[in-house]
Each structure stands twice: as structure tokens, then as C-alpha cells.
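Colleague: Okay, structure incoming, though there's no sequence with it:
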């Protein structure tokens, strides 16, 4: 649910007060803003005036040459429809940058697109804090973690009416930080899930990265080019269907793993207990995750009692053993929320199952299209 407008207005007033104190008194904002914002303000003040009117532009042809044919460009093109839909639904402007915070690609809703163009939030725009002051793109690139900048937390007054959420984008094979993806809108449209959405969008791009010399296919990729559903739960969690990587977030991968370990199916309430433990998470949140997962699996997530049972097979590598499979189980059990669940009862690893709903309401992974396609939980070393 969107943040209450009165709370947002008060937060904006506080941000403006802190920014004014810093601009007028230098160190007057200490304790009024987050340390990373204050440090960025200090860097920004040393490089430019707070009254900068637009971001400087890099060479247009050089920017285009860097972007065209790059792994980032290929990945963005593969998920562009999802990015565009997100921007249009939320009236956002979305930007993807390089590692130097130079904007390479943008797409915006009707209102935000016009606002972005007036401040050079466009391909070629340089949005490092030395060029245009404190912003979420620079912070996420600098600290290597998702970042949010609200209203007057921006150093440049031209974007005091904005709120921005940004998350780093990495090469999934090498871990190299390639740039960031940023979601921006007006401050009064601030939403609690903004930062989480930026994280999901970054993950979406990462999973769409092409095979190349800088992003080669790993032995695991080659091994998974076969029919059926494959899960890797050690190291970087990953799910593939018929050799194609599924675009899932961490929670959706956990749901899939739990269903794989319960081929007889799980009621929604039991799945919620196993997944969230004692966290205050609603069933509606779980239903949304399940809906996305069902779509990603092409409908092969069933709640019908008569869906065919999936064979559950543990395929071990040449040097694998049963211990490898137990490691996968421990990888799930040792998550913090699972440890809390275990502490609630020394008699069982997981909470007792609530009274089962009628079988028609149990979630299960449906049989693959080909009869021989069995579910495989692959025990792999990181």
C-alpha cells in the first residue's frame, strides 16, 4: 500500500530542511540525513553547485557504440517488454547505466519521460555525483548495493521533486558490476516496494545476459540443456526449465524447492509456514509469488488433485554422494527464518502442518509435457 501522503509530506519537509542547512551552513545537516547521503553531498559540493540545471552529456556516438551489441544491451532487449510495462504501470522512468553511471538506455511513462528529458536523464547523461550531485544511481554504483534517494536528499535542486531507487547489475558469471538500473518517479508516488522492485529488475536483466567471451557458458549451463526442471540450491540458486533459465527471484526459487521436496503437494497455509516461519507476511503476498511462479513454469504449477505426480530424482555428479543432497536440504534449513522455525519446536525441523485442505487445493508441480521429463534437484558444489 502506498505510503500515507501526510507522512511523505513530513519526510519531504525534513529533507528540505536538512538540505538547506547543508547548503547554507556546510556541516549543519549532520545527524539529519543518512551518512551516505551526507558524504555524497560533501563530494557533490566540492564538484558543482546545487543549482546545476541538467546533467552533462557524454559523446552521443561513443555512448551508442558502447551500448550497441553489448551484453547489457542484449539482456535489456530480451526483457524490454517487462521493463516498459513496469514503467508505464507505475508512471516511472527506468534507466540502465554503465559502471561509470553514464545512462545507456531509458524508457518512461508519459509524465516522467518529459520530466527526464528536461534534466538530461537520457542516454548519454552522466549521473555520477561529480556531474549532477547526489542521486540513487551513483550511490548504488558506488556502494554496490540497492539505494534510494528521496526528494531533497538529491543534491541538485532540479530533482528535488523526484524519488529514485537503483540497484546494481552484475555479470552473473564473473560477478563484475556492469552498471545499475534505476526507477524514478515523483516524490509523492513513493512506495515501500520501490527498492525491492529495483532489485527484481536488476535480477531480471542479469538472468537475461547472453553467452559471450565475457559471459561464457559454464559446465553447469551445458549440463542443464535437457528436458525437465532443474534446481541448483547451493551457491547461486538457479532454476531451469527445459534448459532455459527461469526468471525467478530468491523467494520464488525457495517456493519451487519446497514443492520439489513435497511432490504430494502442499496447502497454501503449510507452504506459508514452511517459507516464512514466524514472519508477518500475508497469504496475499505468497499468492502473488505463486502466480508469478505458475506463469514462469508455463502453467506447470497445479492446484488440481488429479494432476500427474512428478517423479522426484536426485541426480548426482560423477563424484556426488548422498551428502550432497543433504547439503541442499541444509542450505534451505539454515536460512535465518528456517532457524527460527526450528527453535519453536525441538521435536521437528519444520512447523507442524495445519489441517490439510481438500486435495483439490494442494499446490504441486505438474508433470512435464513429455512423460520422461522428471523433476531433478541437482546437488552441485558452489
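Modeller: Great, that's in hand. Because the structure is predicted, anything quoted here is derived from the model rather than measured.
Colleague: how about the nearest residue to residue 14, chain neighbours excluded?
Modeller: In space, and not counting its chain neighbours, residue 14 is closest to residue 32: 7.2 Å by C-beta to C-beta, 6 or more residues apart in numbering. C-betas here are computed from N, CA, C, even on glycine.
Colleague: Doesn't the one you found belong to a helix?
Modeller: No. Assigned with DSSP: H, G, I helix; E, B strand; the rest coil, residue 32 falls outside any helix and is coil.
Colleague: distance of it from residue 291?
Modeller: With distances taken as C-beta to C-beta, to the nearest Å, residue 32 is found 42 Å from residue 291.
Colleague: who has more neighbours, the two?
Modeller: Regarding residue 32 and residue 291, a neighbour count based on other C-beta atoms under 10 Å identifies residue 32 as having more, with 15 against 11.
Colleague: And the more buried one, its phi and psi?
Modeller: Note on residue 32: its backbone torsions stand at phi -100, psi -20 [degrees, to the nearest 10].
Colleague: swap in the one 4 residues further on?
Modeller: With angles defined as degrees, to the nearest 10, residue 36 sits at phi -70, psi -30.
Colleague: how about the strands of the protein, start to end?
Modeller: For the chain, the strands defined by DSSP state E cover 93-97, 103-108, 147-150, 162-170, 177-186, 229-232, 238-241, 244-245, 301-302, 312-313, 364-365, 375-378.
Colleague: What are the buried residues along the longest one?
Modeller: With burial defined by 16 or more other C-beta atoms under 10 Å, the residues of strand 177-186 counted as buried are 178, 179, 180, 181, 182, 183, 184, 185.
Colleague: Give me the angle between that strand and strand 162-170.
Modeller: Angle, strand 177-186 to strand 162-170, by axes from the mean of the first three to the mean of the last three C-alpha atoms, to 10 degrees: 160 degrees.
Colleague: and strand 177-186, which strands flank it?
Modeller: strand 93-97 (antiparallel), strand 162-170 (antiparallel) (DSSP bridges).
Colleague: okay, those strands in a markdown table with distance to residue 13, mean pLDDT and mean neighbour count next?
Modeller: Converted to a markdown table, the strands paired with strand 177-186 look like this (distance: least, C-beta to C-beta, whole Å; pLDDT from 0 to 100; neighbours: other C-beta atoms under 10 Å):
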| stretch | distance to residue 13 | mean pLDDT | mean neighbour count |
| --- | --- | --- | --- |
| strand 93-97 | 25 | 98 | 26 |
| strand 162-170 | 15 | 96 | 26 |
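Colleague: The helix ranked longest in the chain - contacts with which helices or strands?
Modeller: Secondary structure of the chain read by DSSP state H shows that its longest helix is helix 5-25. Counting contacts by 3 or more C-beta pairs under 8 Å, 6 or more residues apart in numbering; DSSP states H and E, helix 5-25 is packed against helix 35-47, strand 147-150.
Colleague: What strands line up against the last one, and which way round?
Modeller: It refers to strand 147-150. Sheet pairing for strand 147-150, assigned by DSSP bridges, gives strand 162-170 (antiparallel).
Colleague: what sits against residue 238?
Modeller: 231, 232, 245, 253 (C-beta atoms under 8 Å, 6 or more residues apart in numbering).
Colleague: Show me the shaky parts of the stretch 151-300 of the chain.
Modeller: For the stretch 151-300 of the chain, the stretches with pLDDT under 70 are 212-227, 234-236, 300.
Colleague: Pretty sure residue 268 is one of the things residue 287 touches, is it not?
Modeller: Yes. Applying C-beta atoms under 8 Å as the test, residue 287 and residue 268 come out as touching, 7.3 Å apart.
Colleague: So between these two, which is more surrounded?
Modeller: A direct count of neighbours by other C-beta under 10 Å for residue 287 and residue 268 places residue 268 higher, at 17 against 12.
Colleague: give me the number of residues near residue 27?
Modeller: The number of residues packed near residue 27 is 9, by other C-beta under 10 Å.
Colleague: what's the spacing between it and residue 51?
Modeller: Residue 27 is 20 Å from residue 51, by C-beta to C-beta.
Colleague: quick one on the thing from earlier: for the residue nearest to residue 14, report the pLDDT, please.
Modeller: Per-residue pLDDT puts residue 32 at 87.
Colleague: looking at the strands of the chain, which is closest to residue 262?
Modeller: Among those, strand 364-365 comes nearest to residue 262, with 7.9 Å by C-beta to C-beta.
Colleague: need the contact list for the residue nearest to residue 210 when sequence neighbours are not counted.
Modeller: Spatial nearest neighbour of residue 210, chain neighbours left out: residue 74 (4.5 Å); criterion: C-beta to C-beta, 6+ apart. Contacts for residue 74 (C-beta under 8 Å, 6+ apart) come out as 208, 209, 210.
Colleague: in the longest helix of the chain, what's buried?
Modeller: Quick answer for helix 5-25 (16+ other C-beta under 10 Å): 8, 11, 12, 14, 15, 18, 19, 21, 22, 23.
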